[in-house]
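>>> the sequence and its predicted three-dimensional model are supplied below.
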Amino acid sequence: MLTFSGSPETWDLPLALYREGITMRLNRWNMVMLAALTLTALALAAWLGWSTYNYRPAYHQPQEMGPALPVLSGRVALVLIDGLPYHLATQMPCLQPLIGRAATAKSLSVLPTMSQATWTALLSGARPEISGAALFNAEYDALQPIQVDHLFALAKDAGMSTAIAGHKWWKKMIPAQFVDRSHYVAAFDAAGDLEATQAAIGFLHDPTIDLLLVYLGEYDEMSDIHGPSSQIGSEALRNTNERVCELLAEIDLGSTVLAITADHGQLPQGGHGGDDKPVRETLFLLAGPHVRPGEYQSIEQPDIALTLAALLGLPLPRSGQGRILHGLLEATPAVKMRWQAALAIQSMAQADAYLESIKAAKLPTALHDQVTKLEEALQVESLEEAERLSSTLLDQTALFLTRERAAKISRSRLTRVPIALGGLALIVLLFLDNWRRGHRAAMLLALLSAVAYQALWMARGHVFSLSTLSSPGSPVSLLVTLVGGAMAVLVLGWFLLWLPSFLRRDGTKPPLSSARAFSTGVVGILFLLGLAAFTVNGSLGSWQLVVPSLAFVVLLAWVQAALVGSLSLLGFGLVKLVQRIFRRR
């Protein structure tokens with residue numbers, strides 16, 4: 001039988017040494033975890049940025065081009081106003097008289113709502129997931145031509161004449177072989193828009209031009225820099241209205257179909273890129289011959305390219321992911337039937353190419369057999385049968401595509417679940433160990449501080465959206481919020497942990513071990529937040545592009561974790577250095 005001799009006071013030294021050993025081991029464990037989580041968060045945030053800017057789809061558009069369609073209008077002018085949200089477009093003075101004589105609808109921009117990605121969708125009908133457009137705007141020298149079918153390439157193949165007036169980005173995106181006449185400006189400003197408008201008026205007076213693109217970029221640029229509600233933003237909106245007035249005064253709506261839209265909208269405080277409602281909603285206005293005036297239900301941005309192609313009698317873009325807006329156009333039942341049939345055949349070919357790119361199951365053979373029957377119905381001009389087959393093919397193709405894509409996304413999530421569970425288990429064990437060793441206050445403070453960090457983000461006027469990245473003052477304002485928030489969270493947390501020792505005034509040293517536990521807890525919580533969003537959504541730079549807002553949460557949480565961890569390690573390093581200096585003295 002084991003017995004202890006001596007008075008209880010003689011046990012104090014071994015117990016103290018034991019507790020000190022436990023504390024030292026826990027301190028080392030916290031510091032190792034803090035460093036590991038910080039480096040991992042930093043690496044993952046860098047990888048997210050790299051994968052986004054270097055995303056290249058595995059998609060290859062179908063080889064065969066569809067048939068040319070019946071020509072409805074021999075001339076189309078597309079006016080693209082950068083960054084103009086739906087509510088401002090409908091209030092624009094110059095558009096007010098036209099809206100009653102035009103077909104209008106709310107257009108939902110593709111995601112992410114960045115200019116180069118949305119421009120590509122407007123001209124090709126292809127979403128950024130497959131179009132090859134930069135997810136975030138590339139610099140001019142790195143800007144690549146549109147990789148998929150677009151209206152200008154199709155028009156030139158059909159022997160039409162084309163023209164562009166606008167910013168020089170278009171010169172890189174649509175190569176010279178697809179443009180007969182052009183005028184490019186160097187800046188997104190009032191002078192550039194005025195110059196582009198004057199050139200566009202000259203093109204409108206040229207009756208040989210069949211397809212014209214006019215781009216106005218001042219409003220978006222000024223809103224991004226100064227904010228939409230600023231004096232400069234308001235002045236840019238007035239200037240844009242004047243440019244539209246000048247264009248409308250010169251266009252002949254008896255011979256030209258006019259389409260007016262925007263690539264994306266803006267947050268009230270400025271910024272775009274995410275899936276926020278005011279950012280995605282823009283106006284689509286169509287006026288001229290063969291257009292049925294009225295206000296219509298919301299459309300998707302890719303619908304615009306396919307509708308304009310149908311108007312011009314062009315083959316549908318092979319990578320188009322939209323539909324032809326039959327309801328907005330006046331055409332005979334035979335013409336609309338041919339549109340529907342062409343869309344059904346094009347959609348099936350595009351779906352096959354898309355499914356192959358994500359390594360999913362192919363469309364059933366039975367659906368392809370229906371195409372043969374559709375072509376036979378077209379040859380004998382059986383309108384009812386062709387319409388029935390087209391509708392069936394479109395519905396079943398869309399259903400199959402949606403189901404396979406969802407299944408593929410679910411399978412990819414399952415591959416990330418073990419990683420997420422491993423990270424969760426490690427951080428939970430860290431919390432429990434610190435809790436058991438007496439750092440309960442530090443753990444509770446860590447949880448509250450992580451929440452406070454997000455509250456500070458919102459208090460500074462930022463939102464949990466990719467649109468924040470292009471908000472006025474970015475990236476400086478974002479860095480100030482992120483770094484300042486991390487410092488505030490750490491300083492306040494460390495102060496609250498130190499305060500009881502100060503108030504006791506008994507000579508007790510500030511609990512540095514609790515500060516280490518606190519910092520590790522904050523970093524762990526932020527890391528878990530990013531890991532959870534990543535498990536659900538994956539990275540932004542991938543074929544999925546599931547929920548852009550979640551992709552932003554992943555990036556934000558890991559950047560926050562990296563900042564808090566880096567500042568903590570720096571702070572503890574400085575404390576260590578100061579302690580060594582005082583010991584030498």
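On my side now, so go ahead.

>>> contacts, neighbours, all on C-alpha from now
Noted.

>>> next one, pLDDT for the residue lying closest to L394 once chain neighbours are set aside please.
Residue nearest to L394 in three dimensions, not counting chain neighbours: A344, with 5.3 Å by C-alpha to C-alpha, 6 or more residues apart in numbering. The confidence metric pLDDT takes the value 96 at A344.

>>> likewise I299?
I299 is assigned 98 on the pLDDT scale.

>>> is it in a bridge, and if so with what?
For I299, the beta-bridge partners are S107 (DSSP bridges).

>>> so what touches stretch 221-240?
Counting contacts by C-alpha atoms under 8 Å, 6 or more residues apart in numbering, the residues outside stretch 221-240 that touch it are 188-190, 193, 216, 218-219, 266, 268-271, 470-473.

>>> pull out the buried residues from the residues you listed.
188-190, 193, 216, 218-219, 266, 269-271, 470-473 (16 or more other C-alpha atoms under 10 Å).

>>> measure L212 to P97 for me?
Counting by C-alpha to C-alpha, to the nearest Å, the gap from L212 to P97 is 23 Å.

>>> show me which of these two is the more surrounded one.
Between L212 and P97, counted using other C-alpha atoms under 10 Å, L212 has the larger neighbour count: 24 against 10.

>>> which helix or strand contains L237?
helix 231-250 (DSSP states H and E).

>>> buried set for that helix?
When neighbours are counted by 16+ other C-alpha under 10 Å, the buried residues of helix 231-250 are found to be 232-237, 239-244, 246-248.

>>> what sits opposite A165 in the beta ladder?
H183, V214.

>>> check contacts around it.
If a contact means C-alpha under 8 Å, 6+ apart, then A165 has S182, H183, Y184, A196, T197, A199, A200, L212, L213, V214, Y215 as its contacts.

>>> pLDDT of the longest helix seen in the chain, averaged?
When secondary structure is assigned using DSSP state H, the longest helix within the chain turns out to be helix 383-436. Helix 383-436 shows an average pLDDT of 91 in the prediction.

>>> how far away from the center of its chain is it?
19 Å (C-alpha atoms, centre = their mean, to the nearest Å).

>>> what of stretch 290-310?
Averaging C-alpha positions (C-alpha atoms, centre = their mean) puts stretch 290-310 23 Å from its chain's average.

>>> please save the CA atoms from that stretch in CSV.
Extracted in CSV, the C-alpha atoms of stretch 290-310 (Å, rounded to 0.1, in the frame of the first residue of the first chain):
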residue,chain,number,x,y,z
HIS,A,290,-40.9,42.5,-84.9
VAL,A,291,-40.8,43.4,-81.2
ARG,A,292,-44.0,43.0,-79.0
PRO,A,293,-44.1,45.9,-76.5
GLY,A,294,-44.9,45.1,-72.9
GLU,A,295,-43.4,44.3,-69.5
TYR,A,296,-42.3,40.6,-69.3
GLN,A,297,-41.2,38.2,-66.6
SER,A,298,-37.5,38.0,-65.6
ILE,A,299,-35.0,36.5,-68.0
GLU,A,300,-31.5,35.2,-67.6
GLN,A,301,-28.6,37.1,-69.2
PRO,A,302,-27.6,34.2,-71.6
ASP,A,303,-31.1,34.5,-73.2
ILE,A,304,-30.1,37.8,-74.8
ALA,A,305,-27.4,36.3,-77.1
LEU,A,306,-29.7,33.6,-78.3
THR,A,307,-32.6,36.0,-78.9
LEU,A,308,-30.4,38.4,-80.9
ALA,A,309,-29.0,35.5,-82.9
ALA,A,310,-32.6,34.4,-83.7
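
>>> cool, thanks, signing off.
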